[in-house]
Structures are given as structure tokens and as C-alpha cells.
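Pasting the sequence and the predicted model now:
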Amino acid sequence: DFLRQFLGHGGAQLGIVCLIFFFVLAAVPNILVGPLQTAINATGDFLAPPSSQHLLGTDEVGRDVLNLVVHGARISLTIALLATVISLVVGTSVGITAGYYGGRVDVWL
């Protein structure tokens, strides 16, 4: 019932679609932007404004900003997933300990 109500909300549907899009983009960034560009661009496109060739422009050494952002999302999502797993393990351990022992241990935790 909760899931049906949640998915019936337009904002929730949009949020889920955005999350899936970002996870897919971070998992396989080559689909949209190609391989990570770390070399300095010798063509002179330094600090270029957004254009059809560079949707977010270029940085001070001529690298495509969209390429850097998409590849950086992979690192950010990996760190977020790792932090979530760690907090889940610690929180579950504390909750189980507090529930099992109760009393002073429960108050202390």
C-alpha cells in the first residue's frame, strides 16, 4: 500500500527516474561523455563558454567540464554508498546491542 501510494506521487516518480539516471550515468559514463579527459587540450579551447561541442564549457586547461562532472559523480556515489553501508552496520549493531541488553546499556547507547 505504501509503495503504491509513493509511486503514485509525481514528485516521487521524478525523483526515482533522476536517481536511476545518475546511477546509470555514474556506472557507465562513456555512454554520454566518453572516456575521462585528463590531458591538456592544445586546440586553444581554454575557458570556452557552453556550446554544442562542450555543453558546460571547458576549464582553464581546455578539458570538457561535463566530462569531468560525470566522471566525478562515480567517485561521489561510491563514497556515499560506502558511508551508507558503514552507518547501516554501525546503527544496526548499536540497535541490536541496546535491544538485547536493555537497562543501563540502552540508556548509555
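Thanks, I have the structure now. Residues are numbered from 1 along each chain as shown.

Give me the helices and strands touching the helix or strand Val70 falls within, please.
Here Val70 sits within helix 65-101, counting by DSSP states H and E. Helix 65-101 sits against helix 10-27, helix 103-108, with contacts defined as 3 or more C-beta pairs under 8 Å, 6 or more residues apart in numbering; DSSP states H and E. For every residue, glycine as well, the C-beta is placed using N, CA and C.

hmm, try it at 6 Å
Applying 3 or more C-beta pairs under 6 Å, 6 or more residues apart in numbering; DSSP states H and E, one finds that helix 65-101 contacts helix 10-27.

that older thread, report the buried residues of the helix holding Val70.
65-68, 70-71, 73-74 (16 or more other C-beta atoms under 10 Å).

Need these in CSV (columns: distance to Val89 and pLDDT).
Below are the buried residues of helix 65-101 laid out as CSV (distance: C-beta to C-beta, whole Å; pLDDT from 0 to 100):
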residue, distance to Val89, pLDDT
Val65, 36, 93
Leu66, 35, 92
Asn67, 35, 92
Leu68, 32, 92
Val70, 30, 90
His71, 29, 90
Ala73, 25, 87
Arg74, 23, 86
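
Ile20: which of those is nearest?
Among these, Ala73 lies closest to Ile20 (C-beta to C-beta), at 13.5 Å.

Can you give me every residue that contacts the closest one?
Ala26 (C-beta atoms under 6 Å, 6 or more residues apart in numbering).

Give me the residue at the spatial middle of this protein.
Leu77 (3.4 Å; C-alpha atoms, centre = their mean).

wouldn't it be in contact with Ala26 here?
Yes: the criterion here is C-beta atoms under 6 Å, and Leu77 meets it with Ala26 at 4.7 Å.

buried residues in the lowest-mean-pLDDT helix or strand in the chain?
Least confident helix or strand, the chain: helix 103-108 with a mean of 86, by mean pLDDT, DSSP states H and E. Residues of helix 103-108 include none that count as buried (16+ other C-beta under 10 Å).

Residues in contact with that helix: which ones?
Ala98.
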